[in-house]
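Engineer: fold the stuff below for me.
(2 chains)
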Amino acid sequence: MLRNNDRFKTRNGKKLILVVEDELINREMLKVILEEDYDILFAEDGLKAQEIIEENKEFLSVILLDLMIPGIDGKHLLTELKSDTSTANIPVIVMTADQKSEVECLDLGAVDFIPKPYPAKPVILARIRRTIELNEDRQIIKVTERDNLTGLYNRDFFLQYCQQHDKLHPEKAMDAMIIDINHFRMINERYGKAYGDEVLISVGEQLRQYINDKGGIVCRRNSDTFLAYCPHLDDYDAFINSISMKLGNDSENTVRLRMGVYPDVDKSVEIERRFDRAKLACDTIRNSFNRKTAVYDKQMYEKEMYEVQLIESFPKAIKEEQFVVYYQPKFNIQGERPVLASAEALVRWTHPELGMISPGDFIPLFETNGLILHLDRYVWTMVARQLRAWKDRYGFTIPVSVNVSRVDMFDPELLESFRQLLNEYELTTSEFLLEITESAYTQDSNQIITKVSELRDMGFKIEMDDFGTGYSSLNMISTLPIDALKIDMRFIKDAFKENKDTRIIEVIIDIADYLKVPVIAEGVETEQQLTSLKEMGCDIVQGYYFSKAIPADEFVKFIEEEIKLRNA
Amino acid sequence: MLSIERLEEYGADVKTGLERCMNSEDFYFRMISMFPNEDCFNRLEEAIGKNDLDAAFEAAHALKGVAGNLSLTPLYKDAEEITELLRSRTQMDYSELLEKIRNHRETIREMVED
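Structural biologist: Numbering: from 1, shown residues only, chains lettered A, B, ... in the order given. Purely as a prediction, here's the structure:
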């Protein structure tokens, strides 16, 4: 707990006390008792007290109030102080001779009392000091439990209140909601931060009114994200529409909200997880113009559970080598006969309970939670081990390309990891190709370009994966440090539909020519595609036409065949 | 001249009174010497004369408070008695009690001024 007294205002370095007391002798006595430690103001009647309080309310640390005063009665004054928000925070100690009034005054909001006749000085001082300290601590709590901008609860206190609420109403059906402002960053950028703040304040206020009315509470979690915990609502669109209306959105429609709801929460789920679920739902409509609300449903639940299962079984899967590396050959097609050029390493997961899991299920998941770092390193090691084995067995190997994920690029140990791996298995960078997806370049281009350049300086050849899907600007492409372009298989598929249209592929091949790098086409399945690509000038081809990805022990047939042909 | 002896003779709880004044005799005596001139005596008399029991209660209550703080026990006791009667707005003849309080005031004044 903070106990920084400086944060509270003082005059002349002493805390300010108001003594409301009509009898001169009593005032004199209190003055002698207090004046060493406090700065004191005196009021001999209620009206004077009101005046002084109005003038000094920001500075008053405590008020000592005699109940029997001329003008406005002490109890009346106390009630008035406590009902005015600007003075309600000033603690009041009542001075009274009769015990009957004590309880009544505590009920009215007095924090303590000092009896009459007065107790000895140390007792009075101790009570005043304690009252001030307690009140200051309470103020600190109040300051930190509120979000400064909107006055709503902040996240931590909100979550505490939710828990408190559940304890008191365990049977009540509750909804966990998350509300975001669409493109808030754009609002800030277009109209300035002051306007953005206004938007946040009014959204917060509208949410608060609506949700409070339903018996729920609201907080601002961060930036433009609000959380609400509310007795179960039937119509979320009506809720959001009502808020949008109140925000005064006209046709220009500057403030658009989106909301994710985890309805009728399972109270055995941790409170924060409930809002994670609401967020999961909310994320599904992130870029939708039409849908304003999304509800966490059974499907999302199952997906979530499935993902949790995958994440939980990951460490064991690595340890037990459940991940297996498959190899798909890439052939150079520009010569008379296709020549085995290299292979791409592709990971497969044979889960003891779930069976074969598609990389499409676990790679994106591991990319978001960082596990991909471990998986990539595992694959690199497996590939290095395999390359070593082939070299030992045939005295020769074809290069194998491995995936390097975007997050790997932020690993300061990346270069060292590769160096160690190559050393350990006595391999060279010519046998180990790296594939980096195009979208990685477009997201953090400077960082990635620097890292890729360093890898190339080490001797690595870099293939840009999924080319055509990452929205590279033509300007950026011309400066990219790469050694090959891989055309995404979707382009191949689209180009060879009923109405064959290969113009996009031709453009990509032109770009590769301009960059003076070879083009690799993925997903090539038919002879027709192969012939066509060859005519267009595509250099290397990968796909079912030659082979799907296969385990290493099957793949050796390609190596052996290649050796045979070379020796022939 | 006020003195501890005279106050004790009168029946004041001097020890407690002094304590309340941080054992400053000077200050304690100064407060006591102000007392006979305090308005609450007159207010009490006037209010009872007009049969304004509300005002009388306020004045008696104030009187009691100050007497208590100064530990003038005999006055305090009588002030307490009249305060309680007035708190319940008892309609009665207060002249005897008033007389007592008047005498206390005189006694204190004598102690101070002699």
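Engineer: when you work out contacts or count neighbours from here on, use the C-alpha atoms and nothing else.
Structural biologist: OK.
Engineer: in the stretch 301-450 of chain A, which residue sits nearest chain B?
Structural biologist: A:Asn369 (69.5 Å; CA to the nearest CA).
Engineer: any idea how far that residue is from A:Val407?
Structural biologist: 10 Å (CA to CA, to the nearest Å).
Engineer: do you know the pLDDT at residue 91?
Structural biologist: Here I'm looking at chain A. In this model, A:Pro91 is scored at 93, pLDDT.
Engineer: please refer instead to chain B.
Structural biologist: Here the pLDDT value assigned to B:Gln91 is 92.
Engineer: again with A:Lys267
Structural biologist: For A:Lys267, the pLDDT comes out at 91.
Engineer: up against chain A, what does chain B have?
Structural biologist: Contact residues, chain B versus chain A (CA under 8 Å from any CA of the partner chain): B:19-22, B:31, B:34-35, B:58, B:61-62, B:65-66, B:68-69, B:71.
Engineer: name the element the residue sitting furthest away from the middle of chain B belongs to?
Structural biologist: Ranked by distance from the centre of chain B (CA atoms, centre = their mean), the top residue is B:Gln91, with 22.0 Å. Under the criterion DSSP states H and E, no helix or strand holds B:Gln91.
Engineer: where does the chain dip in pLDDT?
Structural biologist: In the absence of a named chain, chain A is used. Scanning chain A for pLDDT under 70 picks out the ranges A:1-13, A:140-143, A:249-254, A:442, A:444, A:470-475.
Engineer: ok, the longest strand seen in it: who's next to it in the sheet?
Structural biologist: As assigned by DSSP state E, the longest strand anywhere in chain A is strand A:339-351. Neighbouring strands of strand A:339-351 in its sheet, by DSSP bridges, are strand A:323-332 (antiparallel), strand A:355-357 (antiparallel), strand A:400-403 (parallel).
Engineer: ok, the residue of the stretch 451-568 of chain A found nearest chain B - contacts?
Structural biologist: In the stretch 451-568 of chain A, the residue that lies nearest chain B is A:Lys451 (77.9 Å; CA to the nearest CA). Contacts for A:Lys451 (CA atoms under 8 Å, 6 or more residues apart in numbering or on different chains) come out as A:Met409.
Engineer: and whichever helix or strand B:Glu96 is part of, what does it pack onto?
Structural biologist: B:Glu96 is located in helix B:95-113, with elements delineated by DSSP H and E. With contacts taken as 3 or more CA pairs under 8 Å, 6 or more residues apart in numbering or on different chains; DSSP states H and E, helix B:95-113 sits against helix B:25-34, helix B:73-87.
Engineer: in CSV, list those along with mean neighbour count, mean pLDDT and distance to A:Ile90.
Structural biologist: Formatted as CSV, the helices and strands packed on helix B:95-113 follow (neighbours: other CA atoms under 10 Å in any protein chain shown; pLDDT from 0 to 100; distance: least, CA to CA, whole Å):
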stretch, mean neighbour count, mean pLDDT, distance to A:Ile90
helix B:25-34, 17, 92, 31
helix B:73-87, 20, 94, 30
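Engineer: quick check: which of those helices is nearest to A:Val111?
Structural biologist: helix B:73-87 (25.2 Å; CA to CA).
Engineer: give me the angle between that closest one and helix B:95-113.
Structural biologist: On the basis of axes from the mean of the first three to the mean of the last three CA atoms, to 10 degrees, helix B:73-87 is oriented at 150 degrees to helix B:95-113.
Engineer: for B:Tyr10, state which of the residues of chain B next to chain A is nearest.
Structural biologist: Using CA to CA, B:Ser71 is the member of these that lies nearest B:Tyr10, at 11.1 Å.
Engineer: coming back round to it: wait, which of the strands paired with strand A:339-351 is closest to A:Asp539?
Structural biologist: Across the strands paired with strand A:339-351, closest to A:Asp539 is strand A:323-332 (CA to CA), at 5.7 Å.
Engineer: what about the closest one, distance to the chain center?
Structural biologist: Relative to its parent chain, strand A:323-332 has a centroid offset of 36 Å by CA atoms, centre = their mean, to the nearest Å.
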